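*Asks:* Provide a 3D model corresponding to the input given below.
(3 chains)
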Amino acid sequence: MATKKSTRIGRIAVAPSVILLFLWMIVPLGMTLYFSTQRYNLLNPDRSGFVGWLNYRAFLTNPGFTTALVNTLILVGAVLLITVVLGILIAVLLDQPIKGRGFVRLMVIAPFFIMPTVSALVWKNLLMHPVSGFFAWIMRSLGLTPVDWFTHHPLLSIILIVAWQWLPFATLILFTALQSLDLEQKEAAEMDGAGPFSYFFEMVLPHLARPITVVIMMETIFLLSVFAEILVTTQGGPGQQTTNIAFLVYAQALLNYNVGGASAGGIVAVVLANIVAFFLVRLVGKNLEA
Amino acid sequence: MSIKALLAGACSLFALSVAGASAETLTIATVNNGDMIRMQGLTEDFTKANPDITLQWVTLEENVLRQRVTTDIATKGGQFDVLTIGTYEVPIWAKQGWLVALDHLGADYDVDDLLPAIRSGISQDGKLYAAPFYGESSMIMYRKDLFEKAGITMPESPTWDFVADAARKLTDKASETYGICLRGKAGWGENMAFLTAMSNSFGARWFDESWKAQFDQPAWKATLDFYVDLMKDAGPPGASSNGFNENLALFNAGKCGMWIDATVAASFVTNPKESTVADKVGFALAPNTGKGKNANWLWAWNLAIPAGSQKVEAAEKFISWATSKHYTELVASKEGWANVPPGTRTSLYNNPEYQKAAPFAALTLASINSADPTHPTVDPVPYVGVQFVAIPEFQGIGTTVGQYFSAALAGQSTVDEALAQAQQYTTDEMTAAGYIK
Amino acid sequence: MARRTSPARVAVFTALGWAVGFVVFFPILWMVLTSFKTELEAFRTPPSFLFFDWTLENYAIVQARSDYLRYAMNSIVLAGGSTLAALVFAIPAAWAMAFSPTERTRGTLLWMLSTKMMPPVGVLVPMYLLFRDFSLLDTHVGLIAVLALGNLPIVIWMLYTYFKEIPRDILEASRMDGASSWKEIVFVLTPMAVPGIASTILLNVILAWNEAFWTLNLSTIKAAPLTAFIASYSSPEGLFWAKLSAASTLAIAPILVLGWFSQRQLVRGLTFGAVK
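*Replies:* Below is the predicted model of the structure:
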């Protein structure tokens, strides 16, 4: 149905964004590619020069690399699962007749307003702390031993914090999409006497397919580079249990000040992100058409 | 090359635009610790005497500050006129020629009054490259009431065996009292600061004279075994993610029998507004094993001027004011002697009024004086630094090794595994960095 | 038809909704409560909920110590400016991709998203060098550009998704009437897209508001937003949770107000769509 004219106008409309993004991508990427082949430590500028693949080899053979890769995937996968499932349920709930819906909605969205470092500090010290935290108090009140979150379940702790931050994002997008589900369609479904479950699976879920895809794609991008939460809670420890790829790159860039290594790490991260995105598109990407 | 040409052009442009201004504005990057915050409230004293200088503060937490100023000075971004940096950075940056030597601090500055241990850490070839604003070491803080109840007396300079024994006796997990709280959170400035200082007292060192990593040596194994066993028996839950502030909160809530950490904590634990145990705290030197070194560190926050700055004169005036005896007296007159920035000048510790206001003064001084950044441990080392190694690569290596050690503390690996990993990793990194040929 | 009006149903969902809202909101509530405690009280076990000596001292300290308004103004300028800038480029692009897709649209969309895959910390030094050379360090313009470009892919994606939801037949009808493409956007599509655009704006403002890597590393004083304000309260030597809670409460207050108003906007958009 796209006419020739509208296609042309379409191209013109898309062009500025594409050009800008292209520049935004290519300039830092070019510089990063260049630096990734250099020996360049900010604190030691005298030892510099072309080193070829050395930075890549060092990053990839880092003993923590495989663990970090696995941790990254677990973190992204778990947070996606939690936020999407809970996000759908909450979005559907918010679509029901609730007194004071506006306020409830604001409460659900609110975690997104908090800066990652702050929410990580609040969770670690005020909630999850095994001695003085709120959760520990609940456990003790119930006569149980408090969970020592960051010692025994460090990655799970990080997952919970990050999932809490991103749940509002999923909820907001899915909820907005639900609202565009026609009132007429809803009523028609009710006329047909569809039960709540068949209504949910036959009407709501298919309608949410595309927004869910969008949530997954966008969250993945952000989740792949989570590191502020890790930095302020565990610094990647104990051991390497909470070290992800982004934290490894952080360590190269802002602990070692190894610009060459950080650049190589950044490129590796981009490649990995693209691989992840490729599989995601395979999994959920068909919803992008239509 | 074109980038360098470009940046040279940009620098000169920037310099021109700066030189144009008549009244000078100093942008000061600083850390958000109490003493620095207090200084910001007292700057009127300085600006009154120097009406042509305005001060602008950029206050940041330690990690952010460090990454911010390091990026800026290394790329010659020129965003700051005065930098607050630690004793770790000063020797490295001075060696790179990034800092202005402070030759004009004024006639009454009295450089010789600076504590020798602090001064030697920030000097290069006899020249001062930064001026210390406050200094600290580490010591034992302990609960006098709990010791009394258990019938133990803390000596002034205890051994590790005594400390471990007392910690196990004080521990009563049912009432959430833990004999000893120590750092466990991974990081070069977190658990590794403590463990490196502790290892010095056990006679261990990071590197031998030819930069070979020493984690395969028995002294390190003794250190880590001792630490892990002690924390398992007498430490609080969650120790592997506890840093300075987590332990401070535990201690102030009355959960720790002993805590070994920065001397600056003394003023927090004795402050009744922040601490439930303010009147029950005693102090002692950090423990030793009889090998001649105590397990205490040495740190100072210093003010420095980046090389290439257009405002050296004004900046030096400010630094001279902020680290002078006059400033000490100013704080004392406005906020009391207990709030004076500690750990930089001999004259402060000879001042009877300060000794009266700060019961921990003598121990702080003894701790600082017993640390020697050029001879941190029993055996000779090729590096400077007590609880760190002043080489650019240390932040990264220290943090990774810290991760291995925190895993040993959390029980996720054995001490031997952690040491083997640390040895392997450090050797690889030092080889890559060109120290090991 | 019982689904819609039964009071029992409303009661059940209201209770459930508030319970879920409360659980999700609890950490923030706890933080706000903590901001009214003393540092000592913040760590008391068992914790005190509402019955403690409420104090404003943390807010007084924060107020005395830093120029909150300047940071807040910078945050507003940066978040608002970058959102506006991103929308100017994103609306035409998303509209075109949604309504006259070509065979390359899907690829372009994915490619746009992939520009966000570079971990920021890996490009810090190259970016810092660029900013220094173009004298953009600590300027509003520089940060607005970075934030707008950083969020542009997200904005395009969200708008694209919402635009896709707009029924085709309406578009066809207006085309029959001879409406031009621009009129199409202004009079037909934009009103229908209001809820989508509103929630996109909200999300983008939040993302820009909380962006704590570039805003911290590329600003000094003049352009420093609330992320820098927070960084001066987090993790000093000494107890800081009550003060940090107070600072954080102040930092989210403006955006919470915005959230409140914008969601009324969302509701209005909804009713518009329902009446059509």
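
*Asks:* what residues does chain A have near chain B?
*Replies:* For chain A, the residues in contact with chain B (C-beta under 8 Å from any C-beta of the partner chain) are A:41-45, A:47, A:58, A:63-64, A:124-125, A:129-132, A:146, A:148-152, A:154, A:231, A:233-241, A:243, A:251-252, A:254-258. From N, CA and C alone the C-beta is placed, and that goes for glycine too.

*Asks:* oh, that last question was meant for the stretch 151-276 of chain C, not what I typed.
*Replies:* Looking at chain B, the residues of the stretch 151-276 of chain C close enough under C-beta under 8 Å from any C-beta are C:216-217, C:220-221, C:224, C:228, C:231-241.

*Asks:* so which of these reach chain A?
*Replies:* Restricting these to contacts with chain A (C-beta under 8 Å from any C-beta) yields C:231, C:234-235, C:241.

*Asks:* where's the dip in pLDDT among these?
*Replies:* When these are sorted by pLDDT, the bottom entry is C:Ser235 at 78.

*Asks:* what subset of the residues of the stretch 151-276 of chain C next to chain B is buried?
*Replies:* In these, burial by neighbour count holds for C:216-217, C:220-221, C:224, C:228, C:231-241, counting by 16 or more other C-beta atoms under 10 Å in any protein chain shown.

*Asks:* mind checking pLDDT for the residue most central in space within chain C?
*Replies:* Central residue of chain C (C-alpha atoms, centre = their mean): C:Ile206, 1.5 Å from the mean position. Looking at C:Ile206, its pLDDT stands at 87.

*Asks:* swap in C:Leu189?
*Replies:* In the prediction, the pLDDT value recorded for C:Leu189 is 66.

*Asks:* close to chain A, is stretch B:266-275?
*Replies:* No. Using C-beta under 8 Å from any C-beta, no contact is recorded between stretch B:266-275 and chain A, whose separation bottoms out at 13.9 Å.

*Asks:* span of that stretch from start to end?
*Replies:* By C-alpha to C-alpha, to the nearest Å, the extent of stretch B:266-275 from end to end equals 11 Å.

*Asks:* tally up the residues packed near A:Gly52, please.
*Replies:* By the other C-beta atoms under 10 Å in any protein chain shown criterion, the neighbourhood of A:Gly52 contains 10 residues.

*Asks:* find the nearest non-adjacent residue to it, please.
*Replies:* A:Thr37 (6.2 Å; C-beta to C-beta, 6 or more residues apart in numbering or on different chains).

*Asks:* how about low-confidence regions in chain B?
*Replies:* For chain B, applying pLDDT under 70 flags the ranges B:1-22.

*Asks:* per the record, what domains does it have?
*Replies:* Following the assignment in automatic domain parsing, chain B carries domains at B:2-136+B:299-357, B:138-297+B:374-432.

*Asks:* got TSV for the ones you listed, with distance to chain C and mean neighbour count too?
*Replies:* Putting the domains of chain B into TSV (distance: least, C-beta to the nearest C-beta, whole Å; neighbours: other C-beta atoms under 10 Å in any protein chain shown) gives the following:
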stretch	distance to chain C	mean neighbour count
domain B:2-136+B:299-357	4	19
domain B:138-297+B:374-432	5	21
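
*Asks:* A:Ala251 versus A:Gly143, what's the distance?
*Replies:* Using C-beta to C-beta, to the nearest Å, we find A:Gly143 at a distance of 42 Å from A:Ala251.

*Asks:* over to C:Asn204?
*Replies:* Here the criterion is C-beta to C-beta. By it, C:Asn204 lies 30 Å from A:Ala251.

*Asks:* may I see the buried residues of the strand or helix carrying C:Thr161?
*Replies:* Element membership of C:Thr161, judged by DSSP states H and E, is helix C:140-165. Neighbour-count burial for helix C:140-165, with 16+ other C-beta under 10 Å as criterion, is recorded at C:140, C:142-165.
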